[in-house]
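**Student:** For reference, the sequence and a predicted model appear below.
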Amino acid sequence: MKNKKKIILGSIIGIFLGLIISTTYAIFSYSKTGDNNKLIAGDIYMHYKESNNLNFYNAIPQNTYTEGEYFEFTVEGKNTNKNKDIIYDIVLNYGDSPVDTTKTIRIKDELLRFRLVEVIDDTENEIFTNKSYVDLNGTRIHKTTIPAETNSKITHRYRVYAWISNTAIIGNTADADYTLDDWNKVYGSVKVSVTGDFADKKVLSSVYDIVKTGAQSDSNIHFYEVNGDSNGNGNFVRNTTINDQYPIYYFRGNVDNNNILFANKCWKIVRTTETGGTKLIYNGEQKKTYVSSLDQNNYTIVTNEGGWTFDSTDNSWNINITNDDGAEISFKMPSGTEYLFELSGTTGPSADGMYSFYKDGTRVKREFIGYGDDILYQNLTGTLTADNVLKILYSGSGSTSDPVVMKIKMWNSTSEVASSNCDNSGALSMLPLPSPFNSNRNSLAYVGYNYGDVYTFASDAKSGTYGNSVSYSNGKYTLNDTVDAIDANHHYICDDENCSKVRYYHYESRYILLENGDTVETALKKMLSESNDTIKSPIQQTINTWYENNIKTNYGKYVEDTKWCNDRSIDSLGGWNPNGGKVSGNTEDYTIYFSAFRKYRYTTTSNGIKTTNTPVLTCPNENDVMYVGNGKIDNPIGLLTFDEAGLAGLTFTNSSSNKNYLLSNSQYWLLSPATINEIGNWAYMGAIYVYGLTVVELNNTSTGARPVISLKYGTVISDGDGSVDNPYVVKTTN
């Protein structure tokens, strides 16, 4: 093969790639369907005829197409309509998998190249050449017409050439696209589609293609710094994945063109996945426009604490809070469906606080209200009866000189005007989280999206000989460098006469029991990354139920079973040093730091941020990988990780310059554990709050969840431009 760039092969014999170009047939909305490749409606018709299949084998990379090896098809038609042209599009998409079951790896998009020509009087007129499938997938590659008043049949004849780019590297080297074994499994399959209509139809683009459009390399971004004009705003490609089959594309910074509607809910596009899917983070409900709110006669007040008054000029309940007592109002309304609650206010820095919204005593939502003119919404779907009690509870502070000013309104769906806009209500309300610390479970086992009871802690002082370290052989431990009493460097003591088990004292009289050759490190791994993961966290239970109620039945087929990483690898053992350290002192000294968090905080630099930090999207521990396929989660829904938030532009800093579309007025969980301290009985998970990354104690019930899902590769957009007022709309109908 001429002009190949780099091919490393022990032997080319028996190594082949079959490229199959198949066809789909036109869909013409004004026609009656004849046979499956002919569409006829009186004297208005369009034929799409295939005359050649392009199948080639023994293919190796080359720098251009091979003459005579092409797929040919014709489009012919007649159009006696006097006013309308027939407009038809030629589109490329993935084809079917091959019959040959040994071919399991679809060739990388960027390695598959195409040339399109129209043949006129047996002469090829080139339309384009050497375009990769990355540039063509799901997009219109050519458009032309059968003009109105075409009373005689006209024919357009096309040829598609395909070849494998000479940039492909095949062999057993670090920079290879495929190993020799994998190359035997590679296949290519592409469909040529032709569709016709009287209207110039919008060509559907896949969500994956939208994210990658115009993406820049992120090789020059400093991920330890907040995003900005000089450090990344827009969409990027992860430089380390450029040569992957599906490079990782993502949005970063203060972007406003990544809004998307799916399953009648608002989302933000985060990034693509290694399988070509697209991760979305929940961003509230589809906003509806209302023209009138309920008047005072519609309310039956149950409680009014703080002095709420009704303003008939805009049908709102208002309050001025001049102390720190907070405020509460509860009420009943007429029966109805789809009410919308709106809270607005406030002015002055003292307006910071939390509001809680209840229905019949159950908290539906809890949100932080910052000072400024924030407006928060809560849709109440389903039917409300005249017996339902709604309550708003505000916890904050005010003063005579700086009061908290708030107003609330209720809107009824009877006044609704349709809208495709999105609000940014953000986090879901969380179910109450039980305390993770009790006599039956220890905090170490409790960190994570899944966890289990896997190790036993005990408290009992013991006198005797203590070792600085231990070794294990033939079923027995041996204490090394022994002394007569426990001290800062000697933590180990035999638990029985044969020393088949040892105690490791990590704080005063508290210890774990090591046996069967366990070390401190292996014991921690059993408690964490090798946990049997039998218990699903309340966070997971909450969003799992939400998925089943909102996504699964009608929209689940569009969601991919992506892999989620609850990375519990340890960066720092703290007071659990197996060969020294201390056994008393501040409980903070016994904090274990997880790697996913450590690189974002508490490092050696003066600002507390590791300046070599680079987001990682793979999972270091196989046991921390969760997806439906391995049984660790019930539905394909999860949360973002520290690294995904870092990739999107957030840092661990309390700075108003930390601006990112992932920020919200609410505090919500990440998937990554942060720190844990069995001595002080605390465990922290990652979270996002007003100014960026943070950590929150695991039993904090005010932290919410913004669920994350991943749309399958090939899911397309039917409308929108990605803005809040005109979000992308995922096509979910045929």
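**Tutor:** Alright, I've got the coordinates.

**Student:** Contact partners for the residue sitting furthest away from the middle of the chain?
**Tutor:** The centre of the chain is farthest from one residue, residue 484, which by C-alpha atoms, centre = their mean lies 55.0 Å away. Going by C-beta atoms under 8 Å, 6 or more residues apart in numbering, residue 484 touches 465, 466. For glycine as for every other residue, the C-beta is placed from the backbone atoms N, C-alpha and C.

**Student:** go with 10 Å
**Tutor:** Residue 484 is in contact with 463, 464, 465, 466, 490, counting by C-beta atoms under 10 Å, 6 or more residues apart in numbering.

**Student:** Look up how far residue 467 lies from it.
**Tutor:** Distance from residue 484 to residue 467, counting by C-beta to C-beta, to the nearest Å: 11 Å.

**Student:** Give the residues shared as contacts by the two.
**Tutor:** residue 490.

**Student:** Walking through the protein, point out its helices one by one.
**Tutor:** For the chain, the helices defined by DSSP state H cover 133-136, 180-183, 207-212, 443-446, 520-527, 538-550, 552-555, 595-598, 642-647.

**Student:** Compare those and say which comes out lowest on pLDDT.
**Tutor:** Looking at the helices of the chain, the lowest mean pLDDT belongs to helix 443-446 (a mean of 57).

**Student:** returning to that earlier point: among the contacts of residue 484, which one sits closest to residue 261?
**Tutor:** Among the contacts of residue 484, residue 490 lies closest to residue 261 (C-beta to C-beta), at 62.8 Å.

**Student:** which one is the closest one nearest to, not counting chain neighbours?
**Tutor:** residue 466 (3.9 Å; C-beta to C-beta, 6 or more residues apart in numbering).

**Student:** so who does the one you found touch?
**Tutor:** 479, 481-487, 489-494, 502-503, 505, 583.

**Student:** ok, now residue 163?
**Tutor:** Counting by C-beta under 10 Å, 6+ apart, residue 163 has contacts 19, 56, 59-66, 69, 111-115, 130, 188.

**Student:** Now tabulate the helices of the chain in JSON lines and tack on mean neighbour count and distance to residue 389.
**Tutor:** Below are the helices of the chain laid out as JSON lines (neighbours: other C-beta atoms under 10 Å; distance: least, C-beta to C-beta, whole Å):
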{"stretch": "helix 133-136", "mean neighbour count": "18", "distance to residue 389": "56"}
{"stretch": "helix 180-183", "mean neighbour count": "15", "distance to residue 389": "63"}
{"stretch": "helix 207-212", "mean neighbour count": "23", "distance to residue 389": "42"}
{"stretch": "helix 443-446", "mean neighbour count": "23", "distance to residue 389": "35"}
{"stretch": "helix 520-527", "mean neighbour count": "19", "distance to residue 389": "45"}
{"stretch": "helix 538-550", "mean neighbour count": "18", "distance to residue 389": "23"}
{"stretch": "helix 552-555", "mean neighbour count": "14", "distance to residue 389": "30"}
{"stretch": "helix 595-598", "mean neighbour count": "22", "distance to residue 389": "41"}
{"stretch": "helix 642-647", "mean neighbour count": "26", "distance to residue 389": "38"}
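
**Student:** closest one to residue 578 among those?
**Tutor:** Across those, closest to residue 578 is helix 520-527 (C-beta to C-beta), at 3.9 Å.

**Student:** that older thread, out of the contacts of residue 466, which are buried?
**Tutor:** Among the contacts of residue 466, those that count as buried by neighbour count (16 or more other C-beta atoms under 10 Å) are 479, 486, 489, 490, 491, 492, 493, 494, 502, 503, 505, 583.

**Student:** which ones among these are found in strands?
**Tutor:** Among the buried ones among the contacts of residue 466, DSSP state E puts 479, 492, 493, 494, 502, 503, 505 in strands.

**Student:** May I have the beta-bridge partners of residue 113?
**Tutor:** Here residue 113 sits in beta bridges with residue 132, residue 163, as judged by DSSP bridges.

**Student:** pretty sure it contacts residue 165?
**Tutor:** Yes: using C-beta atoms under 10 Å, residue 113 is in contact with residue 165, at 5.2 Å.

**Student:** need the contact list for the residue nearest the centre of the chain.
**Tutor:** Centroid-nearest residue in the chain, with C-alpha atoms, centre = their mean: residue 279, separated by 3.4 Å. Residues in contact with residue 279 (C-beta under 10 Å, 6+ apart) are 211, 250, 267-273, 560, 562, 564, 638, 640, 644, 708-711.

**Student:** All set, thanks.
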